[in-house]
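# heads up, no residue letters with this:
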């Protein structure tokens, strides 16, 4: 298991699209990744700068990236 302080997962922890698994890993379920891949992925992959074929912000499949363009604040009650 990756500790949040050692990965970019820490950047995702307050995003409404992030959900933890039972082992403490963080997974991104943003509309962009669900449209691009059809399933959740590890947040570290969504936040990286690697270009991927078929990932296009204009088509709603762009990565969050270092600038967190897909970030949606988690609302706390």
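All right, it came through fine. Treat the numbers as computed from the prediction; the structure is a model and nothing was measured.
# so where do the helices sit in the chain?
Secondary structure of the chain (DSSP state H): helices at 9-12, 31-37, 43-46.
# nearest to residue 68, out of the ones you listed?
helix 9-12 (6.8 Å; CB to CB). Every residue, glycine included, has its C-beta placed from N, CA and C.
# need the pLDDT of the closest residue to residue 71 other than its chain neighbours.
Distances taken as CB to CB, 6 or more residues apart in numbering put residue 15 closest to residue 71, at 5.2 Å, once the chain neighbours are dropped. Reported pLDDT at residue 15 in the predicted model: 92.
# still on that earlier bit, can you list the helices of the chain in a markdown table and add distance to residue 63 and mean neighbour count?
Converted to a markdown table, the helices of the chain look like this (distance: least, CB to CB, whole Å; neighbours: other CB atoms under 10 Å):
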| stretch | distance to residue 63 | mean neighbour count |
| --- | --- | --- |
| helix 9-12 | 12 | 20 |
| helix 31-37 | 7 | 17 |
| helix 43-46 | 6 | 22 |
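# ok, now which ones touch the residue nearest to residue 71?
Applying CB atoms under 8 Å, 6 or more residues apart in numbering to residue 15 gives the contacts 28, 30, 43, 68, 71, 72, 73, 74.
# and it, how far from residue 54?
The gap separating residue 15 from residue 54 is 22 Å, by CB to CB, to the nearest Å.
# same deal with residue 43?
19 Å.
# what does residue 35 give?
For residue 35, the distance to residue 54 (CB to CB) stands at 10 Å.
# burial count for the residue lying closest to residue 34 once chain neighbours are set aside?
Once flanking residues are discounted, residue 34 sits nearest to residue 40: 7.4 Å by CB to CB, 6+ apart. Using other CB atoms under 10 Å, residue 40 has 18 neighbouring residues.
# got a list of what residue 40 touches?
By CB under 8 Å, 6+ apart, the neighbours of residue 40 are 19, 27, 28, 29, 33, 34.
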